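# Got a sequence here, can you build the structure:
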Amino acid sequence: MRILYLHQYFMTRAGIGGTRSYEFARRFAARGHEVSMVTVAAPGEASRRRVDGIDVLGVRAGFADYVTGTKLAYPRRALEFARFAVAATTCVLRMPRPDVIYATSPPLTMALPALAAARRHRVPLVFEVRDLWPEAPIQMGVLTNPLLKRLARGLERHVYRSAAHVIALSPGMREGVIAAGTPAGKVTLVPNASDLELFSPDRDGSEFRERLRLGDRFVCSYFGTMGEANDLTQVIEAAALMDDDVRFVLHGDGKRRPALERLVRERGVGNVVFSDPLPDKDSVARLAAASDACMTIYKDVPILCTCSPNKLFDTFAAGRAAIVNTPGWLQQLVEQGEAGVYVRPADPAHLADRVAFMRDHPELVERYGRNARKLAETEFSRDMLTERALGVLERAAAGR
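So this is what the prediction gives:
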């Protein structure tokens with residue numbers, strides 16, 4: 001089967017960011033399928049390269065790094081999304097005919113080259129929804145123009161209607177796609193996966209502990225984007241309520257990082273450590289190994305409760321206790337699986353209380369970690385979820 005895969009933010013393990021498209025695509029290729037990935041060519045990269053059996057075609061428009069994109073003002077981000085959509089459309093119209101098209105968003109503008117390719121080559125489109133756009137930017141207050149909101153919602157409904165099938169990354173996203181008028185039988189849940197190869201309970205995290213001078217303190221870490229959606233003010237305010245025997249490590253970059261560092265200095269909070277955003281995913285795995293618990297933190301906005309965050313599933317793979325602050329699916333995962341604790345969003349005192357409880361009950365934290373790894377292996381294995389996604393593509397290509 002020839003698969004045309006479209007994703008603006010294609011990232012391997014050598015970079016920082018989600019690697020879902022890379023992990024799926026290399027597994028598709030290993031099973032004998034031909035995979036062409038259309039993405040952004042990062043500075044210094046060739047326009048065409050071969051990566052683990054994937055034919056990667058990079059267009060020189062837009063931005064390849066999701067974290068860099070979050071630092072831009074939204075009008076500039078929208079412009080870069082449009083530039084990539086135009087360049088990618090030109091690229092896919094010139095390519096050989098595939099058997100199926102697999103396009104992943106955000107941004108929602110990925111629908112434009114995907115729809116153009118499906119029409120040009122007369123092949124089915126499988127559209128993947130990683131965030132509910134445009135509802136996410138609308139609720140976050142960054143998409144406010146009434147005309148643009150109508151156009152975006154129209155594009156959302158059109159691509160769902162035109163796609164042979166839709167893949168959603170969480171139950172909330174699946175419900176959102178169905179609420180937009182898509183038949184339930186046309187939407188399949190394929191959540192983010194746990195990286196069982198890179199993250200492990202057996203990894204040695206001592207190097208990270210030594211480098212950050214963590215000693216034998218109880219360590220809660222956060223790794224990922226520090227953007228508007230991941231407002232870590234709650235973590236800093238919770239840290240200010242706690243003793244010196246706890247450390248909160250914040251690892252990553254994003255638009256909000258300078259403001260968060262400034263807040264720590266102004267408040268004189270001594271138990272928050274900012275880790276340098278090292279440029280590879282292995283550093284994230286080493287930080288998880290150095291931690292007692294790992295946090296998945298979002299701003300208190302309803303749409304963010306539908307997220308399917310890589311950081312949580314990598315926490316599971318690392319065999320570390322999880323701390324989540326979004327009600328709904330993520331809360332259910334950690335509580336029903338006894339893999340961690342839920343804290344109320346925008347409630348620093350509750351976060352401080354739960355962390356203190358975990359610090360004082362190390363045997364329970366160890367049990368959370370064992371259960372987390374079991375969840376990763378039994379429900380969120382990358383190989384298992386690859387087969388589910390591949391099954392959707394094969395059925396679409398066969399016209400079923």
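
# Flag the shaky bits of this structure, pLDDT-wise.
Applying pLDDT under 70 to the chain flags the ranges 16, 65-72, 277-279, 400.

# Now Gly58. Nearest residue, chain neighbours left out?
Distances taken as Cβ to Cβ, 6 or more residues apart in numbering put Ala41 closest to Gly58, at 2.7 Å, once the chain neighbours are dropped. C-betas here are computed from N, CA, C, even on glycine.

# My guess is the one you found contacts Gly62. True?
No: applying Cβ atoms under 8 Å, one finds Ala41 not in contact with Gly62, separated by 9.7 Å.

# Could you check which of these two is surrounded by more residues?
Shown here are Ala41 and Gly62; by other Cβ atoms under 10 Å, Gly62 has more neighbours (24 against 19).

# in what helix or strand does that one lie?
For Gly62, there is no host helix or strand (DSSP states H and E).

# Ok, Ala349 next?
For Ala349, the element it lies in under DSSP H and E is helix 348-359.

# What lies in contact with that helix?
Here helix 348-359 makes contact (Cβ atoms under 8 Å, 6 or more residues apart in numbering) with 218, 220, 234-235, 237-242, 245-246, 292-293, 321, 323, 325, 341, 343-344, 364-365, 368.

# so how far is it off the chain centroid?
26 Å (Cα atoms, centre = their mean, to the nearest Å).

# Also stretch 253-266?
With Cα atoms, centre = their mean, you get 22 Å for stretch 253-266.

# Which of the contacts of helix 348-359 are buried? Put it as a PyMOL command.
Entered in PyMOL, the line below selects the buried ones among the contacts of helix 348-359, by 16 or more other Cβ atoms under 10 Å:
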select buried, resi 218+220+234+235+237+238+239+240+242+246+292+293+321+323+325+341+343+365+368
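
# Which ones among the contacts of helix 348-359 lie within helices?
Counting by DSSP state H, those place 234-235, 237-239, 364-365, 368 in helices.

# which two in those residues are spaced the farthest apart?
Farthest pair in the ones in helices among the contacts of helix 348-359 (Cβ to Cβ) is Glu237 and Leu364. Separation: 24.7 Å.

# What is the nearest of the ones in helices among the contacts of helix 348-359 to Leu196?
Of the ones in helices among the contacts of helix 348-359, the one sitting nearest to Leu196 (Cβ to Cβ) turns out to be Tyr368, at 17.9 Å.

# Next, the contact list for the closest residue in space to that closest one that isn't next to it in sequence, please.
Distances taken as Cβ to Cβ, 6+ apart place Ala321 nearest to Tyr368, at 3.7 Å, with adjacent residues excluded. Shown in contact with Ala321 (Cβ under 8 Å, 6+ apart): 292-294, 339-341, 358, 365, 368-369, 372.

# Domain map for the protein?
Following automatic domain parsing, one gets these domains for the chain: 2-193+381-397, 206-379.

# Which one, of those domains, ends up nearest to Phe199?
With distances scored as Cβ to Cβ, the stretch of the domains of the chain nearest to Phe199 is domain 206-379 (3.7 Å).

# Figure out the length between the terminal residues of that closest one.
Taking Cα to Cα, to the nearest Å, domain 206-379 runs 29 Å from one end to the other.

# neighbours of Val273, just the number please.
Counted by other Cβ under 10 Å, the residues lying close to Val273 total 17.

# Can you name the residues in contact with the longest helix along the chain?
The longest helix of the chain (DSSP H) is helix 74-93. Under the criterion Cβ under 8 Å, 6+ apart, residues 4, 6, 8, 38, 40, 57, 59-63, 69, 72, 107, 109-110, 112-113, 116-117, 120, 137, 142-143 lie in contact with helix 74-93.
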